[in-house]
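Student: Let's see this in three dimensions:
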Amino acid sequence: MNAPLPRWVDLGLIPMLNLLAAFLVAGLVVLLVGESPVEAVQVILYGAFGFGEGIGFTLFYATNFIFTGLAVAVAFHAKLFNIGGEGQAYVGGLGVALVCLSLDTAMPWWVIAPLAAAGGAVFGAGWAFLPAYLQATRGSHIVITTIMFNFLAASLMVYLLVNVLKVPGAMAPESRTFEEAGRLPKIGWFVALFGEDIGGAPANLSFFLALGACVAVWLLIWRTRLGYEIRTFGANPTAAVYAGISPVRITVVTMLISGGLAGLMALNPVMGDQHRLFLDVAGGAGFVGIAVALMGRAHPLGVALAALLFGVLYQGGAELAFEMPTITRDMVVVIQGLVVLFAGAMEYMFRPWVARLFAALPGRGETA
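Tutor: Numbers count the residues shown, from 1 in each chain. Next up, the predicted model:
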């Protein structure tokens, strides 16, 4: 099971096999309700890429999943399982909103946007600090504490939106709407390069920030001393300590980076879409990020591709539920869940078979 495999197999073939298995099982589910799996796939692809507005929504969802997938991936490299991306993104939304609410009448968007991004990252990192510190100094399991902090974040945000930030006299638990300067420009001009119009889709400049975050994470993990220490600690904590790497420092710093990436996600829905702070900012993206990181093998390129896949499933799935009424929205969620399931089982499904196949090949000593 642990036989070394070429990188193209480990990072490409095995995830593709698991994804194919997920879609085969999902196809059986579609057949059971009397619909054609081929037609269902065509509807999903058309809904995601067949027209400009669909492309815009696909990129919008993918942006969220890139940030949360990167957050989980960075923690993975230090063998930390950050389940708190949902709460960190939620609190990150507070950081974004506070900047926008404070400055949207005094500064242009291009000044507010980087400050709002910094606010989201700082608040997300701050929410990840205590679980990281407890793990590093008291042995509290990071999975348990980050899950608990998701509930704490939700409760905190409900309190703030109901009692502090809500517009007086309004019924909805949300902040006031930002002025024009507190809103990120859409990327209709980018999609227009491909001859499409995004219409009312909320895709905005945070998409490019997400792509920049992929490059930054790649540089961090594979081109810096800190990244080397993170990977060393994740591979063998005992050897890392022997080499002089502080477990407390690596645990805390890694989780701060992870939480900051999750907090950045809030820039997309808060400043880029709704233009206000509202309940359920993360919208489940923190949990989807776990599957994205698993499917992407904790590599930024893989994370970006997996995030795009889930963006297709979200946008195309909504179109599928509309075009094929027998396939309900709940069944679309089942299809998405199958992808998550098979992504999580990646190491234990096809890897042993693939490893044995490659071990039997002549000249197997070469691993790319």
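Student: and after the lengthiest helix in the chain, which helix or strand comes next?
Tutor: Counting by DSSP state H, the longest helix found in the chain is helix 109-138. Using DSSP states H and E, the helix or strand that directly follows helix 109-138 along the chain is helix 142-163.
Student: so that next one versus helix 109-138, what angle?
Tutor: With axes from the mean of the first three to the mean of the last three Cα atoms, to 10 degrees as the basis, helix 142-163 and helix 109-138 are set at 140 degrees to each other.
Student: Could you check the following helix or strand past helix 142-163 and say which residues are buried?
Tutor: Toward the C-terminus, helix 142-163 is succeeded by helix 188-192 as the next helix or strand (DSSP H and E). Buried residues in helix 188-192, counted by 16 or more other Cβ atoms under 10 Å: 188, 190, 191. The way it works is simple: take the backbone N, C-alpha and C, and place the C-beta from them, glycine included.
Student: closest to residue 66 among the residues you listed?
Tutor: Nearest to residue 66 among the buried residues of helix 188-192 is residue 190, at 15.8 Å by Cβ to Cβ.
Student: Now do the closest one, the pLDDT please.
Tutor: Predicted confidence (pLDDT) for residue 190: 92.
Student: Could you measure from it over to residue 205?
Tutor: For residue 190, the distance to residue 205 equals 9 Å [Cβ to Cβ, to the nearest Å].
Student: hang on, the earlier thing: can I get the buried residues of helix 188-192 in a markdown table with distance to residue 331?
Tutor: Formatted as a markdown table, the buried residues of helix 188-192 follow (distance: Cβ to Cβ, whole Å):
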| residue | distance to residue 331 |
| --- | --- |
| 188 | 32 |
| 190 | 33 |
| 191 | 29 |
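Student: ok, so of those, who is nearest residue 134?
Tutor: residue 190 (42.6 Å).
Student: residue contacts, the closest one?
Tutor: Contact analysis of residue 190 by Cβ atoms under 8 Å, 6 or more residues apart in numbering lists nothing.
Student: Report the separation between it and residue 304.
Tutor: On the measure of Cβ to Cβ, residue 190 and residue 304 end up 16 Å apart.
Student: Now the longest helix of the chain: buried residues?
Tutor: Neighbour-count burial for helix 109-138 [16+ other Cβ under 10 Å]: 109, 112-113, 115-128, 131-136.
Student: to the chain's geometric centre, what's the distance from that helix?
Tutor: Taking the mean of its C-alpha atoms, helix 109-138 sits 16 Å from the chain's own mean (Cα atoms, centre = their mean, to the nearest Å).
Student: which strands and helices sit next to that helix?
Tutor: For helix 109-138, the elements it packs on are helix 85-103, helix 142-163, helix 247-264, judged by 3 or more Cβ pairs under 8 Å, 6 or more residues apart in numbering; DSSP states H and E.
Student: will you turn the ones you listed into a markdown table that also has mean neighbour count, distance to residue 220 and mean pLDDT?
Tutor: Output for these, formatted as a markdown table (neighbours: other Cβ atoms under 10 Å; distance: least, Cβ to Cβ, whole Å; pLDDT from 0 to 100):
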| stretch | mean neighbour count | distance to residue 220 | mean pLDDT |
| --- | --- | --- | --- |
| helix 85-103 | 28 | 18 | 97 |
| helix 142-163 | 17 | 20 | 96 |
| helix 247-264 | 25 | 7 | 98 |
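Student: Of all these, which one is nearest residue 20?
Tutor: Checking those against residue 20 by Cβ to Cβ gives helix 85-103 as the closest, at 27.0 Å.
Student: right, and the helix or strand after the lowest-mean-pLDDT helix or strand in the chain?
Tutor: Between all helices and strands in the chain, the lowest mean by mean pLDDT, DSSP states H and E belongs to helix 346-349, at a mean of 69. Following helix 346-349 in sequence order, the next helix or strand is helix 351-360 (DSSP H and E).
Student: Can you give the distance of that following helix from its chain's centre?
Tutor: Computed by Cα atoms, centre = their mean, the chain-centroid distance of helix 351-360 equals 31 Å.
Student: which parts of that helix are buried?
Tutor: In helix 351-360, the ones that count as buried by 16+ other Cβ under 10 Å are 351, 354, 355, 358.
Student: ok, now stretch 202-209?
Tutor: Those would be 202, 203, 204, 205, 206, 207, 209, for stretch 202-209 by 16+ other Cβ under 10 Å.
Student: circling back: tabulate the buried residues of helix 351-360 (CSV), appending distance to residue 105 and pLDDT.
Tutor: Converted to CSV, the buried residues of helix 351-360 look like this (distance: Cβ to Cβ, whole Å; pLDDT from 0 to 100):
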residue, distance to residue 105, pLDDT
351, 56, 80
354, 58, 83
355, 61, 82
358, 62, 80
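Student: Which of these sits closest to residue 340?
Tutor: Residue 340 has its nearest neighbour among the buried residues of helix 351-360 in residue 351, at 17.9 Å by Cβ to Cβ.
Student: That closest one contacts residue 14, correct?
Tutor: Yes. With contact defined as Cβ atoms under 8 Å, residue 351 counts as touching residue 14 (5.8 Å).
Student: joint contacts of the two?
Tutor: Shared contacts of residue 351 and residue 14, counting by Cβ under 8 Å, 6+ apart, come down to residue 5.
Student: what residue ranges in the protein score low on pLDDT?
Tutor: Flagging of the chain using pLDDT under 70 yields the residue ranges 1-3, 344-347, 363-368.
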